[in-house]
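Chemist: need a 3D model of the following:
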Amino acid sequence: MDTLFPAMIITYLGQLAPVFSANHFVYFRGFVLAMMLLGQTRKCVTNVARVCFFVNRHVSSWERFLSQAQWELNQVRDRVLGLIQQRLGPHLLMEGAYLAWVDTTLIAKVKGRMPGVQTWHDHNGNPEGTYLVGHHWALVGLMGAMLVAGTDTSLCWPLLANLIPGQSHPLGFIVNPQGVARAMTFWDAVCPLLAQLHQMLGRVPLRVVPDAYFCKAPFLNWTLSLPVHVITRMRRDAVGWDDPEPEGPPPPGPKKRTRKPTKPRKGRRWKLADLLLAFPTDLVTVTVSGQAQTHPVVTRDLWITDVTQKVRVVVIQMVAEPLILLSTDLTLSPPQIIHLYARRFPLELAIRDLKQHFGLGDYQCTSGLALSRFVGLALISFCLWRLVLLYHPPADWLQSHHPTAPLSLTNLSRAVRRLLIGRIFHTSAAGADLPNSPTVPQELFRLIV
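Modeler: Below is the predicted model of the structure:
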């Protein structure tokens, strides 16, 4: 089997072999290879078992690998993270720290035996309705940047996923030290993922770039306790406060009895979008998506509602309405804050590729363990195949007659299938009267692309 597939992906998979027993590693390797062999076909377990002709096992054995087999997904993630750090090295460091991302995605599923299927509000503006029945997943990973085909490219590396509980049907409970239990919330599913990533990295300096939904006190206070700094966008109607004015000496005469204040004193209140009118602006030039952009900005350190420390707010004057960015790292300059937040823009493309090429939403499992393992294998496969694209683009088997993007997963899938069919064809038809050319006839390739 090792002679049928590209040598580099077999090498990467071999570095993960010590995590599995010999029997279980066969299934793991089959899952990763099947992601490219299936092309645009659904990546359900039935299709994975069908396309893995090199594994003589029934589909029920593949299902048991997900739901019952004794292997630890976190150990696989640790080794994949180590492989990414080994290959990318300094490309993962931005402004002196690792940069993480967090986002959520909805996956449509039918209610039945599958756990966690609920009705969710669809924030993407689905034209068929504002609600979606299915699962809500939280995804966390690292962000990297390197030159790809001469262009500074942001790269997403998804590593962790967790199923988000709903308000009506919680998936678990949290028990405090006093023994009082409560249902899990959205933040109980998302925040531990960041804590786990921070621990996997060895508690090195880490920043995270979420979207505006995460600009809330429960998330900001949790990350500050790790400590992990946050760079995110704020709502256009957000407000903040200056430091309170120092109290003057008490008036002469007898001291009056007053009620003790229940909230900390605050200074002047600002509507953040109005800071552009209240203070002089500075012109800041930042390169975003390969293009230099210059915008007037106002920067101010303020307090915001229920957050335990001051934050740095950068208000950017845009054509339509101001863009307000927040950073809990007060050492970053406005250009650095804008640059780091702009790095998260390719995230939506990565989630799209996870769904189209790696079957993020193609699972049909009926147990929580199988659900988490299937999604985890999709994330791991994404990382391994992207490493192949990044570090082995000159390989002969990856060359295509059609112009494609350097990181095209469609081209990668076609190349893997061409290589597999070609090697099988030349091995089984060694004595056939074929042309002297070492290539397989194009008519055969049309059956697989």
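
Chemist: dump whatever helix or strand residue 275 lives in to PDB, keeping only the CA atoms.
Modeler: Taking DSSP states H and E as the definition, residue 275 sits inside helix 275-278. Taking C-alpha atoms only, helix 275-278 is exported to PDB below (Å, rounded to 0.1, in the frame of the first residue of the first chain):
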ATOM      1  CA  LEU A 275     -13.900  59.200  19.500                       C
ATOM      2  CA  LEU A 276     -13.100  60.000  15.800                       C
ATOM      3  CA  LEU A 277     -14.800  63.400  16.400                       C
ATOM      4  CA  ALA A 278     -13.500  64.000  19.900                       C
END
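
Chemist: what does that helix contact?
Modeler: When contacts are defined by Cβ atoms under 8 Å, 6 or more residues apart in numbering, helix 275-278 is touched by residues 270, 296, 298, 300, 313, 315, 317, 322. No exception for glycine: its C-beta is placed from N, CA and C like everyone else's.

Chemist: longest single helix anywhere in this structure?
Modeler: Criterion DSSP state H: the longest helix present in the chain is helix 368-391.

Chemist: show me what counts as buried in the helix holding residue 275.
Modeler: For helix 275-278, a neighbour-count test (16 or more other Cβ atoms under 10 Å) marks 275, 276 as buried.

Chemist: for the stretch 301-449 of the chain, which spans come out with low pLDDT?
Modeler: Scanning the stretch 301-449 of the chain for pLDDT under 70 picks out the ranges 393, 400-404, 426-449.

Chemist: give the bridge partners for residue 94, please.
Modeler: Following DSSP bridges, residue 94 is listed with bridge partners residue 97.

Chemist: quick one on the thing from earlier: got a winner among the contacts of helix 275-278 for most neighbours?
Modeler: Ranked by the number of neighbours (other Cβ atoms under 10 Å), those place residue 315 first, at 26 neighbours.

Chemist: residue 60: helix or strand, and which one exactly?
Modeler: Per DSSP H and E: helix 59-67 holds residue 60.

Chemist: same for that helix, what does it pack against?
Modeler: When contacts are defined as 3 or more Cβ pairs under 8 Å, 6 or more residues apart in numbering; DSSP states H and E, helix 59-67 packs onto helix 22-37, helix 45-51, helix 368-391.

Chemist: helices along the stretch 51-200 of the chain, start to end?
Modeler: Here the stretch 51-200 of the chain has its helices, by DSSP state H, counting those that start in this stretch, at 59-67, 73-88, 186-200.

Chemist: turn those into a markdown table, columns for mean pLDDT.
Modeler: Output for the helices of the stretch 51-200 of the chain, formatted as a markdown table (pLDDT from 0 to 100):
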| stretch | mean pLDDT |
| --- | --- |
| helix 59-67 | 95 |
| helix 73-88 | 95 |
| helix 186-200 | 95 |
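
Chemist: relative to residue 245, which of the ones you listed is closest?
Modeler: Closest to residue 245 of those, according to Cβ to Cβ: helix 186-200, at 34.0 Å.

Chemist: buried stuff in the closest one?
Modeler: By neighbour count on 16+ other Cβ under 10 Å, the buried set for helix 186-200 is 186, 187, 188, 189, 190, 191, 193, 194, 196, 197, 198, 200.

Chemist: please apply the same query to stretch 205-214.
Modeler: For stretch 205-214, the buried set under the neighbour-count rule, 16+ other Cβ under 10 Å, comprises 206, 207, 208, 209, 210, 211, 214.

Chemist: okay, now residue 422: neighbour count?
Modeler: Neighbour count of residue 422, defined by other Cβ under 10 Å: 18.

Chemist: so which elements touch the helix or strand harbouring it?
Modeler: Residue 422 belongs to helix 409-428 when elements are defined using DSSP H and E. Judged by 3+ Cβ pairs under 8 Å, 6+ apart, helix 409-428 is in contact with helix 22-37, helix 347-357, helix 368-391, helix 442-445.

Chemist: using CSV, list the CA coordinates for it.
Modeler: In CSV, the C-alpha atoms belonging to helix 409-428 read as follows (Å, rounded to 0.1, in the frame of the first residue of the first chain):
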residue,chain,number,x,y,z
LEU,A,409,-7.4,21.1,-2.4
THR,A,410,-9.4,20.2,-5.6
ASN,A,411,-6.1,19.9,-7.5
LEU,A,412,-4.6,17.9,-4.7
SER,A,413,-7.5,15.4,-4.7
ARG,A,414,-7.3,15.0,-8.4
ALA,A,415,-3.5,14.5,-8.3
VAL,A,416,-3.8,11.8,-5.6
ARG,A,417,-6.4,9.9,-7.6
ARG,A,418,-4.4,10.2,-10.8
LEU,A,419,-1.3,8.9,-9.0
LEU,A,420,-3.2,6.0,-7.4
ILE,A,421,-4.9,4.9,-10.6
GLY,A,422,-1.7,5.3,-12.6
ARG,A,423,0.3,3.1,-10.3
ILE,A,424,-2.4,0.4,-10.1
PHE,A,425,-2.9,0.5,-13.9
HIS,A,426,0.8,0.2,-14.7
THR,A,427,1.3,-2.6,-12.1
SER,A,428,-1.7,-4.7,-13.3
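
Chemist: the helices of the stretch 51-200 of the chain: which one's closest to residue 10?
Modeler: Of all the helices of the stretch 51-200 of the chain, helix 73-88 sits nearest to residue 10, with 13.8 Å by Cβ to Cβ.

Chemist: tell me what angle the closest one forms with helix 186-200.
Modeler: Orientation check (axes from the mean of the first three to the mean of the last three Cα atoms, to 10 degrees): helix 73-88 against helix 186-200 gives 60 degrees.

Chemist: which parts of helix 73-88 are buried?
Modeler: Residues 73, 76, 77, 79, 80, 81, 83, 84, 85, 88 are the ones in helix 73-88 that count as buried (16+ other Cβ under 10 Å).

Chemist: what of stretch 365-373?
Modeler: Neighbour counts using 16+ other Cβ under 10 Å place 365, 370, 371, 372, 373 of stretch 365-373 among the buried residues.

Chemist: same deal with stretch 224-242?
Modeler: Buried residues in stretch 224-242, counted by 16+ other Cβ under 10 Å: 224, 226, 228, 229, 230, 231, 232, 233, 234, 238, 240, 241.
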